[in-house]
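Student: Let's see this in three dimensions:
(2 chains)
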2 protein chains.
Amino acid sequence: MPVGLDDRLHLLPVAGVRLDAAAAGIRYRGRDDLVLIRFARDTEAAAVFTRNAFCAAPVLVAREHLAVTHPRALLINAGNANAGTGEEGLAAARATCVAAARVLEFSPEEILPFSTGVIGEPLPVAPFEAALPRLVEGLHEEGWERAARAIMTTDTVPKGASRCVTVEGRDINVTGIAKGSGMIHPDMATMLAFLATDARVAREHLQMLLLEVTERSFNRVTVDGDTSTNDACVLAATGRSGVTLDPSHPEWSHFATAVEAVCVQLAQAMARDGEGATKFITIRVEGGSDPRECLQVAWTVAHSPLVKTAFFASDPNWGRILAAVGRAGLQELDISRVEIWLDDLCIVRDGGRDPAYTEEEGQMVMEQEEIVVTIRLGRGTAAETVWTTDLSHEYVRINAEYRT
Amino acid sequence: MPVGLDDRLHLLPVAGVRLDAAAAGIRYRGRDDLVLIRFARDTEAAAVFTRNAFCAAPVLVAREHLAVTHPRALLINAGNANAGTGEEGLAAARATCVAAARVLEFSPEEILPFSTGVIGEPLPVAPFEAALPRLVEGLHEEGWERAARAIMTTDTVPKGASRCVTVEGRDINVTGIAKGSGMIHPDMATMLAFLATDARVAREHLQMLLLEVTERSFNRVTVDGDTSTNDACVLAATGRSGVTLDPSHPEWSHFATAVEAVCVQLAQAMARDGEGATKFITIRVEGGSDPRECLQVAWTVAHSPLVKTAFFASDPNWGRILAAVGRAGLQELDISRVEIWLDDLCIVRDGGRDPAYTEEEGQMVMEQEEIVVTIRLGRGTAAETVWTTDLSHEYVRINAEYRT
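Tutor: Sure, this is the predicted structure:
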């Protein structure tokens, strides 16, 4: 069960964005596995992709298409990642764009393809061709939740978030959906996220904004966001609200904060739905010399299977956290200045257990579903936060059985 | 069950080394948990320790003692790591040395203390004081196997190895014991290893040799060997064989190879007995530009929980290996030159699945208890090997329940 997430989404439509999903039978049976998202004319879009050297065929094709024109539609399938599939995979990704372009009467370069699922299996094109006419016919502005469900793989709940901000007396909506449930460790971070707003924003500003907010959201659950073969995040701006924004606009930061809030909610949802997760853990490192070393400590703690299994067991085995801080590789760390807190309970101080700490209090905090670990390095003013989960029996079961 | 390990050890005694173990009741009940190892006069010893910033009290004390004199005895307890215990922990570690020194009639600085077990619990000194007279009385050259059992924590079998080499017509024995079973990921690599030989070797040469061989053995299952608060490895040379060796001796490399073989066997035994391990995986990276990038790829694959759960499930999900290679961060990796092999089965070639590969063949290799993954980068001549295990349900159970 995901930690603190509902199965229902309450998403705001975005004028100029229509979506539909269908059960195309690409891999799954009896569930939607193909999504089409169509943008109104003059929509601008920005995207960030995985930096994995083995990036998937659809990533290569999407990058090519973005380089030559403005995207008019996104075509997303779940169940098959079309990664590690060589030239055939590229041909298949291109063929799906051709099929969508034909039905939509766009050029193939105006379609961006995305895939998630098993690596190394050939992607069949025929199910796309068969499903596309239905998909195009069903497009509507209320399709966000159904689309969010259709892109799920090991996700147990659909993921979506919306914000509405008022600028120049008009409402601007920002809505996003995402898939990704392997956030226990970065290498299962196959993540797709699709966001849209009805503000009008130039592509260069959208791209800048997207880079900034992914760094403070998705990259705080996925280490650099560059770990899977298929990771991608798209932010589209349709302009249909009639409001034009750029970074010099007095309300830009208001708008940017809304986009970031949607991304943070989606990123946290991925961790909350982490494979087998029973706890949602926030790791905050304060008092570092610079953000880099704060992240170094935060990730070392967040990735430690020993720390994660202790959270699963609700065991206040704070020694495991302390050992992880110690091995994070910080130069000249003065351990006598380090403090470790579980919520508002101090457990480590002056290089050892806080004299006032009791196991009973530690146990009480550890039994919560949501826990904040604060690590104070006592050597500067930088601070960073990452989100993670515990490591459970269920994690192993899911990842041992996936594919079978 | 450990992979390919016996519960019985066949260890050669080393002249000048006497050992004993006792059930001191430090934490465990009804099993040995305290070991004393006594060296003959004029024994030289070298040691390497954890580089964790939060190193345990016994590590600090052992380093202090080594700086002032030659060690005459090692005192090792299991069940309590005496780490994260601040000034009290230091006082306790010193007190155990004082207790041993009194019974042995040495100075406290001639004793090196070692601890392994739970972090953050005060170490009681009284059980040491009570057990030491018995321990000293029981010292004998055949005590290696019992000592190996007494230092176990989550280990399921004792770990030891011996080699005998002939130099100048005389036999030189090298014997070592170790504990450590958390090798699924480096941060549970709490490792202790104690080796001795009856060759005579100067301390500076012993230290150099120990650094070299730990790099190619323990550090190939534990990333730098610097991850736990308590890691330590000692190599003692008693000189009782009557053979004196130094690096200019024509048989030095013969001797060095024997020491390395003992360390490699101990290191592999830790992986084979990895918590919950059902498979022993060798990851060999060839064709790298330099050893550093080979290790970078090898560790990325070896640490991937997705790869490890696929091994547990005997699932030839080679896409997970490919994705791990791709995200290892190598600059300008030409994926069309990368090959991935499972034993002698080629699975990836030219950036995608080998056309000749079949799932059935992959399945057959994956069902083995021991698997060699070879990754060829095709950009140089460097090669490195690391050892790891799969990730099983049992791993989570052990680490969630340890302490409870």
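Student: next one: the helix or strand of chain A with the lowest mean pLDDT to chain centre, how far?
Tutor: Among the helical and strand segments of chain A, the one scoring lowest on mean pLDDT, DSSP states H and E is helix A:393-401, with a mean of 74. Taking Cα atoms, centre = their mean, to the nearest Å, one finds the center of helix A:393-401 at 21 Å from the center of the full chain.
Student: And it, what's buried?
Tutor: When neighbours are counted by 16 or more other Cβ atoms under 10 Å in any protein chain shown, the buried residues of helix A:393-401 are found to be A:393-400. Yep, even glycine has a C-beta here, placed from its N, CA and C like the rest.
Student: Show me the contact partners of that helix.
Tutor: Contact with helix A:393-401 is made by A:154, A:182, A:184, A:188, A:274-278, B:305-306, B:309-310, B:312-313, B:315, B:391-393, B:395-397, B:400, as judged by Cβ atoms under 8 Å, 6 or more residues apart in numbering or on different chains.
Student: again, 7 Å this time
Tutor: Under the criterion Cβ atoms under 7 Å, 6 or more residues apart in numbering or on different chains, residues A:154, A:184, A:275-276, B:305-306, B:309, B:312-313, B:391-393, B:396-397 lie in contact with helix A:393-401.
Student: Pull the contacting residues for the nearest residue to residue A:395 once chain neighbours are set aside.
Tutor: With sequence-adjacent residues excluded and distances taken as Cβ to Cβ, 6 or more residues apart in numbering or on different chains, residue A:395 is closest to residue A:276, at 3.3 Å. By Cβ under 7 Å, 6+ apart, the contact list for residue A:276 reads A:392-395, A:398.
Student: what's the answer for residue A:283, then?
Tutor: If you count contacts by Cβ under 7 Å, 6+ apart, residue A:283 has them with A:298, A:301-302, A:373, A:385-386, A:388.
Student: of the contacts of residue A:276, closest to residue A:101?
Tutor: Proximity of these to residue A:101, judged by Cβ to Cβ, is greatest for residue A:398, which lies at 36.6 Å.
Student: Distance of the closest one relative to residue B:248?
Tutor: When distances are taken as Cβ to Cβ, to the nearest Å, residue A:398 and residue B:248 turn out to be 58 Å apart.
Student: returning to what we had before: pick out the most distant pair among the contacts of helix A:393-401.
Tutor: Within these, A:154 and B:397 form the most distant pair, 21.6 Å apart (Cβ to Cβ).
Student: tally of neighbours for the closest residue to chain B within the stretch 51-200 of chain A?
Tutor: Nearest residue of the stretch 51-200 of chain A to chain B (Cβ to the nearest Cβ) works out as residue A:119 at 2.4 Å. Each residue near residue A:119 was counted by other Cβ atoms under 10 Å in any protein chain shown, and the total is 27.
Student: follow-up on the earlier one: so of the contacts of helix A:393-401, which ones are in helices?
Tutor: When DSSP state H defines the helices, the subset of the contacts of helix A:393-401 inside them is B:305-306, B:309, B:312, B:393, B:396-397.
Student: For the stretch 151-300 of chain A, which segments count as helices?
Tutor: With DSSP state H, counting those that start in this stretch as the definition, the stretch 151-300 of chain A shows helices at residue ranges A:203-215, A:252-272, A:291-303.
Student: Report pLDDT for the spatially closest residue to residue A:101 that is not a sequence neighbour.
Tutor: The spatial neighbour of residue A:101 that comes closest, neighbours along the chain excluded (Cβ to Cβ, 6+ apart), is residue A:108 at 4.3 Å. Here, the pLDDT recorded for residue A:108 equals 98.
Student: which ones are touching residue A:108?
Tutor: For residue A:108, the residues meeting the contact criterion (Cβ under 7 Å, 6+ apart) are A:94, A:97-98, A:101.
Student: Just send those residues back as JSON lines, with secondary structure and pLDDT too.
Tutor: Formatted as JSON lines, the entries for the contacts of residue A:108 read as follows, by DSSP: H, G, I helix; E, B strand; the rest coil; pLDDT from 0 to 100:
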{"residue": "A:94", "secondary structure": "helix", "pLDDT": "98"}
{"residue": "A:97", "secondary structure": "helix", "pLDDT": "98"}
{"residue": "A:98", "secondary structure": "helix", "pLDDT": "98"}
{"residue": "A:101", "secondary structure": "helix", "pLDDT": "98"}
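Student: which one of the residues you listed is nearest residue B:174?
Tutor: So of the contacts of residue A:108, ranked by how close each gets to residue B:174 (Cβ to Cβ), first place is residue A:94, at 61.6 Å.
Student: which ones are touching the closest one?
Tutor: Taking Cβ under 7 Å, 6+ apart as the contact definition, residue A:94 lies against A:61, A:108.
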